[in-house]
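whatever this is, show me its structure:
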Amino acid sequence: MWKPSRNAGSPTEARLPYGIRVYAVGDVHGRTDLLNRQMAQIDADEVRYPCIRSIVVFLGDYIDRGPDSRGTIELLIASTRMREVVCLKGNHETFVRRFLDASLSLNDWRLMGGFETLASYGLKPSLGLNDGEHERLAEELRVAMPAQHLAFLDSLPSSFICGDFFFVHAGVRPGIALDRQTEDDLLWIRDDFLHYGSPFEKFVVHGHTPVNAPEVRFNRVSIDTGAFATGRLSCVAIEGSDIVPLLDIRDWAADGDTRTESVQTKRDGGLDALLRQNRGLYVPQSAQRPDPSYPEATRPFRRKTASRIIAP
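Below you'll find the model as predicted:
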């Protein structure tokens, strides 16, 4: 269990409003199987540890890389009908609209796992991407993707505030007020945010940059554990000033406890190997211009952010 500090050097702790529990879930990337299991674990946790009101916050990156982006979107949409859910936008979600509006952007999207998303909708892109194939695939996706799926992707907010916690996909730009952050930074930022050594305006809960296990710092917690490749989708339960990691779903039994006091991962070597094999998972945030050797350096245009807020 962790108790995050809201201000460095101050005894004041970041807190959620009384009676609210937030379950924050990391990057899914087309692993509907893991998402189903994670949601079942959250349901079981609520039975074991009842609360007044719970909110599930998904931190973005629902599509690409994994085998079932379509199923993941379908399950997230269904979950919004059954309970209070906030689905945030990740950087990968921006590629769908970009591709439909400008089909040549598939050259960038394919480097991010876009072909896997197209395949989940029944499309069959060729590795060579012959002349004219970009537009053909865009037209096929317009037909194959349910309007409800596209509306879901287009409507995703880029951040969510609850009490002293700021939920976002990638992070925030240090020194910039939260209400003045650009969507580009909220969805893509890495080093400038990760290496920042001072408190933020609120305690930040984020994904985007893979870690072996949920990782807490005094000003943020990171919960992307590379689910599409490691098989570990992670969730933390936040209530009052406590942050409690749920048990690794690879080790969780449906009739067992859902929580753990230890955040030591059991398969630390797996993610390290993954990072070595796929440079696209981690991108040094250095040059302003995209570096073609880093697929995630391909960035969307900056735009005004959208957010949801629950006041204290």
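
how about stretch 100-117: buried residues?
Neighbour-count burial for stretch 100-117, with 16 or more other CB atoms under 10 Å as criterion, is recorded at 103, 105-106, 108-117. C-beta coordinates here come from the backbone N, C-alpha and C atoms, glycine included.

got a list of what residue 256 touches?
Residue 256 makes contacts with residue 247, as judged by CB atoms under 8 Å, 6 or more residues apart in numbering.

phi, psi of it?
Main-chain dihedrals, residue 256, degrees, to the nearest 10: phi -100, psi 180.

how close does it get to residue 15?
Counting by CB to CB, to the nearest Å, the gap between residue 256 and residue 15 amounts to 29 Å.

report the rounded mean pLDDT for stretch 86-96.
Stretch 86-96 shows a mean pLDDT of 98 in the predicted model.

could you give the separation of it from the chain centroid?
From the chain centre to the centre of stretch 86-96 is a distance of 8 Å (CA atoms, centre = their mean, to the nearest Å).

check stretch 197-204 too.
Relative to the centre of its chain, stretch 197-204 is centred 19 Å away, using CA atoms, centre = their mean.

and the pLDDT at residue 191?
At residue 191, the model reports a pLDDT of 97.

report pLDDT for residue 282.
As summarised for this prediction, residue 282 has a pLDDT of 35.

actually residue 128, sorry about that
83.

element containing it, please.
Secondary structure from DSSP states H and E places residue 128 outside every helix and strand.

what number of residues lie near it?
Other residues near residue 128 number 7, with proximity taken as other CB atoms under 10 Å.

what's the answer for residue 43, then?
Look at residue 43: counted by other CB under 10 Å, it has 14 neighbours.

next up, phi/psi of residue 239, please.
Recorded main-chain torsions at residue 239 are phi -150, psi 130, according to degrees, to the nearest 10.

may I ask you to confirm that residue 160 belongs to a strand?
Yes - counting by DSSP: H, G, I helix; E, B strand; the rest coil, residue 160 is found in a strand.

what's the nearest residue to it if we skip its chain neighbours?
Nearest-residue entry for residue 160: residue 167, 4.3 Å, with adjacent residues in sequence omitted and distances by CB to CB, 6 or more residues apart in numbering.

doesn't residue 59 make contact with that neighbour?
Yes - with contact defined as CB atoms under 8 Å, residue 167 and residue 59 form a contacting pair (6.6 Å).

what do these two both touch?
Common neighbours of residue 167 and residue 59, counting by CB under 8 Å, 6+ apart, are 24, 88, 205-206.
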